[in-house]
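Peer 1: Would you be able to build a 3D model of this:
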Amino acid sequence: MDQKVKLFENIKLLILDVDGVLTRGEIIYDSDGRELKMFNVKDGLGVHLLHKCGIETVLLSARNSQMLKKRAQDMRVAEVIGGTLPKSRVLPRILKKYKVRPGEVCFVGDDLIDISVLKIVGAPVAVKDAPAEVKKFASYVTAKKGGEGAVREIAELILKARGLWKPLLKDFDSVVRK
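Peer 2: From the prediction side, this is the model:
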């Protein structure tokens, strides 16, 4: 059996870091001091497809961001947890709320503050541009960089490993209908 399939076949919940995973890790401030972020549309569709197939996504960020809540709503994210360090502190509550075991969780991170969660979950993932110290704790490193399709890559791997990808493509229009 393919190692990727084995890693993702039991995943029931996806947890994502935000800056550096859903974005390229850049923070832009406009002249009024408002924060701006750029999100990858393909990543968003991947998260939305997981939701449609019954696999929820939680965003777990060290920062609080109003625009993140809007983006999360667009992607059909189940929950946004911001302003939390260490991130592993909220993991027991997440596991209980979503009725999953650590082995049924995939977490995607990109930096040192993500290591505490990577050590606990069943499918720890680092994005391609994560530092070596983070990749050391990952069972899978994405081919794509953070903010450039890494989340979509993981969403597809989960859906394929769970046997949901081909049925999804068969009647794609009805799946994405709002």
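
Peer 1: Now do the contacts for the residue nearest to residue 135 when sequence neighbours are not counted.
Peer 2: Among residues not flanking residue 135 along the chain, residue 126 sits closest, at 4.7 Å (Cβ to Cβ, 6 or more residues apart in numbering). Any C-beta I mention is one placed from the backbone N, CA and C, and that applies to glycine too. Shown in contact with residue 126 (Cβ atoms under 8 Å, 6 or more residues apart in numbering): 108-110, 114, 118, 134-135, 137-138, 140-142.

Peer 1: same thing but at 10 Å, please
Peer 2: 17, 21, 107-111, 114-115, 118, 132-142, 146, 150 (Cβ atoms under 10 Å, 6 or more residues apart in numbering).

Peer 1: which of those residues are buried?
Peer 2: 17, 21, 107-111, 114-115, 118, 134-135, 137-140, 142, 146, 150 (16 or more other Cβ atoms under 10 Å).

Peer 1: So which of those are in helices?
Peer 2: 115, 118, 134-135, 150 (DSSP state H).

Peer 1: a markdown table please, covering those and showing distance to residue 25.
Peer 2: Output for those, formatted as a markdown table (distance: Cβ to Cβ, whole Å):
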| residue | distance to residue 25 |
| --- | --- |
| 115 | 16 |
| 118 | 17 |
| 134 | 12 |
| 135 | 15 |
| 150 | 11 |
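
Peer 1: related to what we said a few turns ago, what distance do you get for the residue nearest to residue 135 to residue 77?
Peer 2: Going from residue 126 to residue 77 by Cβ to Cβ, to the nearest Å gives 21 Å.

Peer 1: No more questions from me, cheers.
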